[in-house]
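In: I would like to see how this sequence folds:
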Amino acid sequence: METVGSVIARTPISPASVVRRPPESTMAVESKEPDGNVHQETELSNLAKQLSAAAERAAARDASLSREELADFASKILDKLMGDSYLLAKDFFDEFLPDTDDPELLERARQANAFAKGRGENPFKGLSRDQLSLIIYDESGAFTINERRAARVERTEQHNEWARYIIDKMGAEYRQTGRNDQGLHEILDFYNSLPRIEVAQYGNYEADINMQLAMHEVEWPEFNTSLIDMLAHEWKPSEPPVTPEQPDPAADPTGKAPD
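Out: You can find the predicted model right below:
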């Protein structure tokens, strides 16, 4: 029977951690009032403007699609970002830059390309999960393929770290009480807080969790394995394994693969 450690060991890990700080989405600009006082004006960065526009598009998309349709849409997006179509055009994506003269957009695209080759930091490290989801599933062309892949790597690491946290918490709760009520409620709250397009990918998770809550006695090893599968199954790698002679371009410098 699989143990917690064995399942965690095969859960993909990516180069970042749970949200630590908000993105630098604004910058203050000083100006003088007629009376000589300094007035602070806030100017949105390009990223903040892009995220705002992406949020509007996501809201319209989510309102027009059913849960099943959203799950299908998300599956197609992830295949586009991580599947054969990406691998066949990888050389092109690794050099692609947006058609703009804006130095901020160009620099971020270059950083995403470098990150895809394992040569730099993730440009979206530290963004919130909601913001990362906006980038990943945005089909407007506002973000390059490698930017969207970088956002997915960061989101996957945040999910993996949360999964490790909740598994440890539920293990401790079960040892103390023989039940997992608090942990299961926390899982339910967590999934209900996710962007709608991510919620759609987890199938009928609400019924699964409520069924576990209704059970008075659950054998921990069997329950734990099913829980890990529920937490991590959708995040398994969608790319073929990479041999040591051909490193994964989306991995971080330590060699950890994306989800």
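
In: all helices for the chain, in order.
Out: With DSSP state H as the criterion, the chain has helices at 4-9, 46-64, 67-82, 84-88, 90-95, 103-116, 129-136, 145-177, 181-192, 196-199, 205-214, 220-232.

In: Let me know which of the ones you listed is the nearest to Pro123.
Out: helix 103-116 (4.3 Å; C-beta to C-beta). Quick note: C-beta positions are derived from backbone N, CA and C, even for glycine.

In: Which positions in that closest one come out as buried?
Out: Neighbour counts over helix 103-116 (16 or more other C-beta atoms under 10 Å) mark 105, 108-116 as buried.

In: Equivalent analysis for stretch 199-216, please.
Out: So, applying 16+ other C-beta under 10 Å, buried residues of stretch 199-216: 199-202, 205, 208-209, 212.

In: State the pair within the residues you listed that is farthest apart.
Out: Top of the distance list for the buried residues of stretch 199-216 (C-beta to C-beta): Ala200 and Gln212, 21.0 Å.

In: Next, Leu194: phi, psi?
Out: Recorded main-chain torsions at Leu194 are phi -70, psi 160, according to degrees, to the nearest 10.

In: Correct me if wrong: it contacts Ser128.
Out: No: in this structure, Leu194 is not within contact of Ser128 by C-beta atoms under 8 Å, at 11.4 Å.

In: what do those two both touch?
Out: Listed as contacting both Leu194 and Ser128 by C-beta atoms under 8 Å, 6 or more residues apart in numbering is no residue at all.

In: Which residue, other than its chain neighbours, is closest to Ala71?
Out: Ala200 (4.2 Å; C-beta to C-beta, 6 or more residues apart in numbering).

In: Just to check, Glu154 is in contact with Gln131?
Out: No: using C-beta under 8 Å, Glu154 is not in contact with Gln131, being 9.6 Å away.

In: Asn146 versus the residue nearest to Lys80 when sequence neighbours are not counted, what's the distance?
Out: Sequence neighbours aside, Tyr86 is the residue nearest to Lys80 in space, at 6.7 Å (criterion: C-beta to C-beta, 6+ apart). Separation of Tyr86 from Asn146 (C-beta to C-beta, to the nearest Å): 10 Å.

In: ok, now Glu157?
Out: 17 Å.

In: Which of those two has more residues huddled nearby?
Out: Between Glu157 and Asn146, counting by other C-beta atoms under 10 Å, Asn146 is the more crowded of the two (27 against 23).
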